[in-house]
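Engineer: This is the structure alone, sequence omitted:
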């Protein structure tokens, strides 16, 4: 633990609660504004994240609220669109008069709305943004929860190096987060002495990766790492790899969600992916959170849901410690707080930049997602070769 920082573990209720809250307090509820991508290209991630906010709202109110008041989330759909998100955060601040704010999904939207919240000097905890450059612009009120984007493919590089694989190809979408994740992977690979045979950026609207995959094959890559913002791109690449018999030993993505395996079936087998969170992790309150989420939403939560819930836990703890909603007081608490939520460890540097969360890498084995990296959190051993169509 860093000197001078205060550590705590934040509890989670074990019971299932009605999402509308309980209305226990006499005062008006604390209004927390946010947007989430319920539609558009980020909806796969945004919908469960919004659910995470709502479940946290219900649990906080069941525990008696905060500052002797209930909390109430006002969440707008930003349509996965930066301009809409900017307008909605302005509305939340100037028209809805939100008492506090929480962040949207992803680096692109967070980068878009950060100037708004900074101009109003309001704290913004970002549950699901990871691009380092967002925190290198002198912002004072923005706080990071995910591991940095540059580390999103670190597990893939580490495992490949440990198994003696030397030739790697990196494919990245032309968007803020994927560019950072791809660049970080290239740097890590070169530090390990690996040869980067391809480092290619593709336009967001790309639906045919056949020519790029032909170059991956021509470069005789042992490993293909891919960074993208939307799930569809991972699915398309996996299908086209199988159709073209692209023979790599490891295929890893910058995200791991159940929808990937549901869409691909056997084609997902042995594929790797970064997950910032899994139900098997030894964080306090995970079992209760998973059960409550499953009963409320009829599915197991993704790391996006856990990230939003955990970020809400962090914010509630900062409010409790500050004893007020004053942004300066909250900022000071968030800068010095060290804690463990159901999502991960939390600690930041003077930029509000995450220093405690590294994430985990998973692999699809026998149709199930298992943690294979790092070793101290692994629930299974990596299997080689990876995609079942590989001939190596």
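Structural biologist: Okay, I see it. This structure is a prediction, so every number in the text was calculated from the model and none was measured.
Engineer: C-alpha from now on. contacts and neighbour counts both.
Structural biologist: Noted.
Engineer: For residue 214, give me its contacts.
Structural biologist: residue 246 (Cα atoms under 8 Å, 6 or more residues apart in numbering).
Engineer: measure it to residue 245 for me?
Structural biologist: 10 Å (Cα to Cα, to the nearest Å).
Engineer: What of residue 101?
Structural biologist: Residue 101 is 48 Å from residue 245, by Cα to Cα.
Engineer: quick one, strands of the stretch 51-200 of the chain?
Structural biologist: Applying DSSP state E, counting those that start in this stretch to the stretch 51-200 of the chain gives strands spanning 71-77, 100-102, 124-126, 142-144, 167-173, 195-202.
Engineer: hmm, who's touching the second one?
Structural biologist: If I follow you right, that is strand 100-102. Residues outside strand 100-102 that contact it (Cα under 8 Å, 6+ apart) are 30-34, 122-127, 312, 325.
Engineer: Likewise for the third one?
Structural biologist: Applying Cα under 8 Å, 6+ apart, the contact partners of strand 124-126 are 101-105, 110, 114, 117, 141-145, 311, 315.
Engineer: Can you list the strands that that strand pairs with?
Structural biologist: Strand 124-126 pairs in its sheet with strand 100-102 (parallel), strand 142-144 (parallel), by DSSP bridges.
Engineer: taking these together, which one is wrapped up most tightly?
Structural biologist: Comparing the strands paired with strand 124-126 by mean neighbour count (mean count of other Cα atoms under 10 Å), strand 142-144 comes out on top with a mean of 27.
Engineer: of the contacts of strand 124-126, closest to residue 42?
Structural biologist: Compare each of the contacts of strand 124-126 with residue 42 using Cα to Cα and the shortest gap goes to residue 105, at 7.6 Å.
Engineer: what's the burial count for the nearest residue to that closest one once chain neighbours are set aside?
Structural biologist: What sits nearest to residue 105 in space, not counting adjacent residues and going by Cα to Cα, 6 or more residues apart in numbering, is residue 128, at 5.4 Å. Neighbour count for residue 128, taken as other Cα atoms under 10 Å: 27.
Engineer: and residue 128, what is it in contact with?
Structural biologist: 103, 104, 105, 106, 107, 145, 146, 304, 307, 308.
Engineer: So residue 282, which state does it fall into?
Structural biologist: coil (DSSP: H, G, I helix; E, B strand; the rest coil).
Engineer: That one and residue 326: what is the separation?
Structural biologist: Distance from residue 282 to residue 326, by Cα to Cα: 33 Å.
Engineer: Whichever strand or helix holds residue 236 - what's its average pLDDT?
Structural biologist: Using DSSP states H and E, residue 236 maps to helix 231-243. For helix 231-243, mean pLDDT rounds to 94.
Engineer: Can you tell me the closest non-neighbouring residue to residue 73?
Structural biologist: According to Cα to Cα, 6+ apart, the nearest residue to residue 73 is residue 32 (4.8 Å).
Engineer: For residue 48, see how far away the one you found is.
Structural biologist: To residue 48, residue 32 is 18 Å away according to Cα to Cα.
Engineer: Neighbour count: these two, which is higher?
Structural biologist: Using other Cα under 10 Å, the more surrounded residue of residue 32 and residue 48 is residue 48, with 27 against 20.
Engineer: what's near enough to touch the more buried one?
Structural biologist: When contacts are counted by Cα under 8 Å, 6+ apart, residue 48 touches 301, 302, 304, 305.
Engineer: for these, which one is nearest residue 54?
Structural biologist: Nearest to residue 54 among the contacts of residue 48, counting by Cα to Cα, is residue 305 at 9.8 Å.
Engineer: hmm, who's touching the host helix or strand of the closest one?
Structural biologist: When elements are assigned from DSSP H and E, residue 305 belongs to helix 303-322. Residues from elsewhere that reach helix 303-322 (Cα under 8 Å, 6+ apart): 10, 45-46, 48-53, 55-56, 66-67, 102, 125-128, 145-146, 257, 275-278, 325, 329-330, 333-334, 337, 339, 341-344.
Engineer: residue boundaries of the helices in the chain?
Structural biologist: Per DSSP state H, the chain carries helices over the ranges 43-62, 82-94, 106-119, 154-162, 176-191, 210-218, 231-243, 258-264, 286-297, 303-322, 327-336.
Engineer: ok and the third one relative to helix 43-62, angle-wise?
Structural biologist: When axes from the mean of the first three to the mean of the last three Cα atoms, to 10 degrees is applied, the directions of helix 106-119 and helix 43-62 differ by 50 degrees.
Engineer: Run through the residues that contact residue 256.
Structural biologist: Residues counted as contacts of residue 256 (Cα under 8 Å, 6+ apart) are 272, 273, 274, 275, 362.
Engineer: May I ask which two of those are separated the most?
Structural biologist: With Cα to Cα as the measure, no two of these lie farther apart than 272 and 275, at 9.6 Å.
Engineer: So for the two, which sits in the more crowded spot?
Structural biologist: Legend: neighbour count by other Cα under 10 Å for residue 272 and residue 275, higher for residue 272 (30 against 23).
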